[in-house]
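1. Fold the following and give me the result.
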Amino acid sequence: MERKNISSGAPWEDIVGYSRAVRIRNTIEVSGTAPVKDGKVQGETAYEQTIACLEIIKSSLEEAGGRLEDVVRTRIFVTDISQWEEFAKAHAKYFGQIKPATSMVEISRLIDRKMLVEIEATAVVSGQ
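-> Residues are numbered from 1 along each chain as shown. Next up is the predicted model:
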């Protein structure tokens with residue numbers, strides 16, 4: 001069984017012991033993805049941060065040989081469920097036609113208090 005680990009280059013990967021994404025056969029699992037680029041939180045609003053997360057997920061999937069259309073499940077962790085419509089609006093921008101199974105769960109906080117959202121994704125690449 002061939003395993004392909006995808007790295008974002010973030011220092012936390014070695015500290016925690018994880019990969020941005022892992023592909024085994026035709027399945028790609030994308031780790032919890034916060035709206036962070038070059039060590040800085042991207043966006044201030046729920047919508048902007050969700051877009052940032054989904055762009056990182058999209059890039060990770062592509063590096064692993066997948067695409068957004070292969071996503072079968074997302075998990076959205078938010079720090080303020082009252083903003084669910086903004087998180088949902090951004091999710092629908094990327095997945096409105098794909099419609100993966102999903103959940104949105106409120107949590108007390110993420111590693112950085114500026115972070116409002118973290119998203120995980122599972123993709124199954126067809127034909128491989």
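
2. Now do Gly65: how many residues are near it, please.
-> Neighbour count for Gly65, taken as other CB atoms under 10 Å: 15. Placement of C-beta: from N, CA and C, glycine included.

3. Three-state assignment for the closest residue to Ile107 other than its chain neighbours, please.
-> Using CB to CB, 6 or more residues apart in numbering and skipping residues adjacent in sequence, the residue nearest Ile107 is Phe77, 5.1 Å away. Judged by DSSP: H, G, I helix; E, B strand; the rest coil, the three-state class of Phe77 is strand.

4. Would you mind pulling the contact partners of stretch 30-39?
-> 10, 18-21, 41-43, 48-50, 52-53, 56-57, 60-61, 77, 110-112, 115-123 (CB atoms under 8 Å, 6 or more residues apart in numbering).

5. Quick check: helices, which of these are part of them?
-> Within the contacts of stretch 30-39, residues falling in helices by DSSP state H are 48-50, 52-53, 56-57, 60-61.

6. What is the nearest of the residues you listed to Arg3?
-> Nearest to Arg3, judged by CB to CB, of the ones in helices among the contacts of stretch 30-39 is Ser60 at 15.2 Å.

7. which of the ones in helices among the contacts of stretch 30-39 lies closest to Glu85?
-> Thr50 (11.1 Å).

8. Count the neighbours of the residue nearest to that closest one when sequence neighbours are not counted for me.
-> Of all residues not flanking Thr50 in the chain, Ala90 sits nearest, at 3.5 Å (CB to CB, 6+ apart). Ala90 has 24 neighbouring residues, counting by other CB under 10 Å.
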